[in-house]
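Enquirer: I'll drop the sequence and a predicted model, then ask my questions.
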Amino acid sequence: MNHEAALLTDRIEAAFTAIARQRMAGIPVMNPALGVAMRGARKLGEDWIGVLVTPWFMNFMLLPCEQADQRIGTKRELALPSGRYQAIWNFEDDIGGYWSCSLFSPMFEFADMDAAIATADAALDEILASPDEETPQAEQRMEMVWAGATASPQAERSAQGPVLDPGAPPAMLSRRGLLRLPGESPVADEARP
């Protein structure tokens, strides 16, 4: 990680750690087994992208270098290498403005931080992969997450994850379908808010 990415990562983690301690303290959507981690901050064109893990959500973030004059809550479709995603404009004093897109919320599906981080890393690899680009490392990490290899013993109850069919076309998966955890129903995409 280069110096600029490290500084951005530290700033985001500090801001969301403070939010967890102050604004989110005592709110029942918090998974006490998790902390705050910004994963994979890197340049995407002129902007920064990464996945933020917190005890209450996992989002990918796109931080514009040029701060747009947007109203908080404004929605926009982002064109990323893997496809188009609807994102929401947010603002934090310590970070500035950024676009975010929910991957998981709440975070009770994760038994520990290792499982959440492995999922965030694999998700970012998939988000940044072109549909025609093979991503064997991300697929291998996702298979490990589904198999419970990176999870704690409490998460091993769901180690009998879905059988991956290497011949199946991946284009039909939604972003939530891509990140489905072991034991989740295929219709979970439609049921989530």
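Expert: On my side now, so go ahead.
Enquirer: list the contacts of residue 38.
Expert: 8, 9, 12, 13, 16, 50, 51, 52, 53, 61 (CB atoms under 8 Å, 6 or more residues apart in numbering). Backbone N, C-alpha and C define where each C-beta goes, glycine included.
Enquirer: quick one: the helices in the protein, in order.
Expert: 3-21, 113-127, 136-147, 175-178, 188-191 (DSSP state H).
Enquirer: show me what contacts residue 113?
Expert: 33, 34, 35, 37, 53.
Enquirer: one more time with 10 Å
Expert: 31, 33, 34, 35, 36, 37, 53, 55, 152 (CB atoms under 10 Å, 6 or more residues apart in numbering).
Enquirer: burial measure for the second one, as a count.
Expert: Taking other CB atoms under 10 Å as the criterion, the count of residues near residue 33 is 17.
Enquirer: wouldn't it be in contact with residue 115 here?
Expert: Yes - using CB atoms under 10 Å, residue 33 is in contact with residue 115, at 9.2 Å.
Enquirer: quick check on the contacts of residue 113: which are buried?
Expert: With burial judged by 16 or more other CB atoms under 10 Å, the buried subset of those is 31, 33, 34, 35, 36, 37, 53, 55.
Enquirer: return the closest of the residues you listed with respect to residue 3.
Expert: Proximity of the buried ones among the contacts of residue 113 to residue 3 was ranked by CB to CB; the top entry is residue 37 with 18.8 Å.
Enquirer: dig out what the closest one forms beta bridges with.
Expert: With DSSP bridges as the criterion, residue 37 is bridged to residue 53.
Enquirer: tell me how far it lies from residue 49.
Expert: 15 Å (CB to CB, to the nearest Å).
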